[in-house]
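In: need coordinates for the below:
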Amino acid sequence: MKTDRLSSRLRRLTPAKGLYYLLILLFFVGCNQPQANGENKGTTPNTITTEAVNNAGSKGSDAITVVNWNIEWLGSPTQGPKNKEQQLQNAIKIMGYLKADIYCLCEIVNPAALKKLTSSLGGNYAYALSDYASGASSTRDAGYANSQKLAFIYNKQIFKNIKTSGYLKQNPKTGYYFAAGRYPFELQTTVHTPDLDQKVDFLIIHAKSGADLSSYDRRLQGATILKAALDKDKSGQPFILLGDFNDHVIGSITKGKTSPYDCFMQDPNYYVLTQDLSNLRSTLDYPGVIDQQIISKELNKFYKAASVKIRTDITSVVPDFKNGHTSDHYPVSSIFVFSKALAEAPPLQATASKAVAITTTKSGAAAGEDIDAPQRLQQRIFTASVTTGGILVRAAAKSRNIQFILYNKRQHKVLSVHRKYILKGDSFRIRTPKLYKGDYNLVIFSDHGKQVLPFSVK
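Out: Reported below is the predicted structural model:
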């Protein structure tokens, strides 16, 4: 060995030279010691380190990732994917890939499977499982063991003072509307980040399924009762309602019907985040989005604009996902930033004072434009014209990382579109649903700053 030969030479050297070579030897040996690599340092098999999983606390960030996912009949001995171990291992891979701080889950059947899911995320995660299910009002009921339940998995470093309960469960008469007792499952918590402690309520909903009129009516009645209760119990509070709504928020899976959740869509105190995704799909077998996220006006100040996504990208870690071996639903994720600055910001208010009248026509009409005074640009970067079914935006300068967000007069997001760049003089058409009469704001973020184009449709 090289180290043996070097030691032999040291014995024949003068003390001064011996000391010099001894230092070299120590350095040489130290550099050749085995080093732990990033793959196995501080981990055990099938375990993801806290740093990898946690998007907030361990990395000093205020960003929290929220995921809702219907994991089809997880752990059921008779329903859902046939290979239960494969389903569980796929779910573990997907949740490790999503790296969320809180998972809001539907169709959990076997508590043991839920415990394994939680353990796979590391020691900082805990779970809460509803003590009721479809057709079972408590854990003592015979049907509880094999019925669909609701669950949370959350990072204990971020979510403090946990309290869970069945929301509306105190009124058994409403159980019929929530699929034979599948009431919303509520988690009340204090979200802890390095910059803020903020109380937030999470409510998972798994609504009645089916496109028939009877099922639609039960969803409609359930949504109506739920909203009335939220309006009364949680006025002025930040909360999120999310899960498998089993229906669209624009239109309905029931032909000829409006969305049973239209009461939320029409109320300016709520923001339907997944409205912008309505032209996509959240399940393997049916068009449209039935997995939704709705937030209160008070939580909206913490929402990261345009962060809500249907996570079809999970096929990169489970390539056979579309074969139905894991779930028939895709997860939905969103990001919230809990910082002191955002907490102290006033709620978003309508700004229609400088609106310019525009009549939607097939040929289009020039749009009025304005710049927010606090963030006034040095030049007019964007102009727009409104036509039936779209808005044509032109750029006076090359622009990058552009986000277009259209708000109606109630400050609901009508749509949100991202574009990497637009060259100077080029135009970009934003497809829109039918714009009803009223005031709108097209808010544009880019590398030039923020620009607002207010207009009215008559």
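
In: would you mark the buried spots in whichever helix or strand Lys227 is part of?
Out: Secondary structure from DSSP states H and E places Lys227 in helix 213-233. Residues of helix 213-233 classed as buried by neighbour count (16 or more other Cβ atoms under 10 Å): 215-216, 218-223, 225-227, 230. (Each C-beta comes from the backbone N, C-alpha and C, glycine too.)

In: cool, and stretch 175-195?
Out: Residues of stretch 175-195 classed as buried: 175, 177-189, 191-193, 195 (neighbour count, 16+ other Cβ under 10 Å).

In: same question, stretch 310-321
Out: Quick answer for stretch 310-321 (16+ other Cβ under 10 Å): 310-311, 314, 318, 321.

In: restricted to helices, list those.
Out: Among these, DSSP state H puts none in helices.

In: how deep is Tyr421 tucked in, by neighbour count?
Out: 14 (other Cβ atoms under 10 Å).

In: how much space between it and Phe264?
Out: Plainly put, Tyr421 is 35 Å away from Phe264 if you go by Cβ to Cβ, to the nearest Å.

In: just to revisit the earlier point, nearest to Tyr271, out of the buried residues of stretch 310-321: which one, please.
Out: Nearest to Tyr271 out of these is Ile310 (Cβ to Cβ; 17.4 Å).

In: give me every residue that touches that closest one.
Out: By Cβ atoms under 8 Å, 6 or more residues apart in numbering, the contact list for Ile310 reads 277, 280-282, 289, 291, 330-332.

In: 7 Å instead?
Out: 277, 280, 282, 289, 330, 332 (Cβ atoms under 7 Å, 6 or more residues apart in numbering).

In: so which bits of stretch 265-275 are buried?
Out: Residues of stretch 265-275 classed as buried: 265, 267, 269-275 (neighbour count, 16+ other Cβ under 10 Å).

In: so of the residues you listed, which two are at opposite extremes in space?
Out: Farthest pair in the buried residues of stretch 265-275, by Cβ to Cβ: Asn269 and Thr274, 17.2 Å.

In: quick one: Asp291 and Asn246 touch, right?
Out: No. Counting by Cβ atoms under 7 Å, Asp291 does not reach Asn246; the two are 9.0 Å apart.

In: what about the helices in the stretch 101-250 of the chain?
Out: Secondary structure of the stretch 101-250 of the chain by DSSP state H, counting those that start in this stretch: the helices cover 111-120, 213-233.

In: of those, which is nearest Tyr132?
Out: Checking the helices of the stretch 101-250 of the chain against Tyr132 by Cβ to Cβ gives helix 111-120 as the closest, at 13.4 Å.

In: let me see the ranges of the strands in the stretch 101-250 of the chain.
Out: 102-108, 125-129, 149-155, 159-166, 185-193, 196-206, 239-244 (DSSP state E, counting those that start in this stretch).

In: what angle sits between the fourth one and strand 149-155?
Out: Angle, strand 159-166 to strand 149-155, by axes from the mean of the first three to the mean of the last three Cα atoms, to 10 degrees: 180 degrees.

In: distance from strand 159-166 to the middle of the chain?
Out: Mean-position distance between strand 159-166 and its chain equals 19 Å (Cα atoms, centre = their mean, to the nearest Å).

In: quick check: mean pLDDT of that strand?
Out: The pLDDT scores in strand 159-166 average 98.

In: also the shortest one?
Out: Confidence over strand 125-129 (mean pLDDT, whole number) is 98.

In: hmm, which two among the buried residues of stretch 310-321 are most spread apart?
Out: Ile310 and Val318 (15.3 Å).

In: circling back: closest to Ile162 out of the contacts of Ile310?
Out: Set against Ile162, the nearest of the contacts of Ile310 by Cβ to Cβ is Val332 (22.3 Å).

In: please report how far that closest one lies from Lys227.
Out: From Val332 to Lys227 the distance is 20 Å (Cβ to Cβ).

In: ok, and what's touching the helix holding Lys227?
Out: 168, 174, 176-178, 184, 207-209, 246-247, 252, 254, 257, 260-261, 263-264.

In: tilt between it and strand 239-244?
Out: Counting by the same axes, to 10 degrees, helix 213-233 points 160 degrees away from the direction of strand 239-244.

In: which parts of the chain belong to which domain?
Out: Annotated domains of the chain cover 2-31, 50-344, 356-457 [automatic domain parsing].

In: okay, the ones you listed, which one's buried deepest?
Out: domain 50-344 (a mean of 19; mean count of other Cβ atoms under 10 Å).

In: residues touching Gly251, list them.
Out: Going by Cβ under 7 Å, 6+ apart, Gly251 touches 258-259.

In: quick check: it is in a helix.
Out: No. Gly251: not assigned to a helix; according to DSSP: H, G, I helix; E, B strand; the rest coil it is coil.

In: pLDDT weak spots in the stretch 201-350 of the chain?
Out: Residue ranges of the stretch 201-350 of the chain with pLDDT under 70: 346-350.

In: at 80 what do you get?
Out: 345-350 (pLDDT under 80).

In: now distance to Lys149 too, for the helices of the stretch 101-250 of the chain, in a markdown table please.
Out: Output for the helices of the stretch 101-250 of the chain, formatted as a markdown table (distance: least, Cβ to Cβ, whole Å):
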| stretch | distance to Lys149 |
| --- | --- |
| helix 111-120 | 8 |
| helix 213-233 | 18 |
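
In: looking at the ones you listed, which is nearest to Phe202?
Out: Shortest distance between Phe202 and the helices of the stretch 101-250 of the chain, using Cβ to Cβ, is found for helix 213-233: 12.7 Å.

In: alpha carbons of the closest one, as PDB, please.
Out: Extracted in PDB, the C-alpha atoms of helix 213-233 (Å, rounded to 0.1, in the frame of the first residue of the first chain):
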ATOM      1  CA  LEU A 213     -80.700  13.600 -11.600                       C
ATOM      2  CA  SER A 214     -81.000  12.100  -8.200                       C
ATOM      3  CA  SER A 215     -77.300  12.200  -7.600                       C
ATOM      4  CA  TYR A 216     -77.000  15.700  -9.000                       C
ATOM      5  CA  ASP A 217     -79.700  16.900  -6.600                       C
ATOM      6  CA  ARG A 218     -77.900  15.400  -3.700                       C
ATOM      7  CA  ARG A 219     -74.700  17.100  -4.700                       C
ATOM      8  CA  LEU A 220     -76.600  20.400  -5.100                       C
ATOM      9  CA  GLN A 221     -78.300  20.100  -1.700                       C
ATOM     10  CA  GLY A 222     -75.000  19.100  -0.100                       C
ATOM     11  CA  ALA A 223     -73.200  22.100  -1.600                       C
ATOM     12  CA  THR A 224     -75.900  24.500  -0.700                       C
ATOM     13  CA  ILE A 225     -76.000  23.300   2.900                       C
ATOM     14  CA  LEU A 226     -72.200  23.300   3.200                       C
ATOM     15  CA  LYS A 227     -71.900  26.900   1.800                       C
ATOM     16  CA  ALA A 228     -74.600  28.200   4.200                       C
ATOM     17  CA  ALA A 229     -72.700  26.600   7.100                       C
ATOM     18  CA  LEU A 230     -69.400  28.000   6.000                       C
ATOM     19  CA  ASP A 231     -70.800  31.500   5.600                       C
ATOM     20  CA  LYS A 232     -72.100  31.300   9.100                       C
ATOM     21  CA  ASP A 233     -69.200  29.500  10.900                       C
END
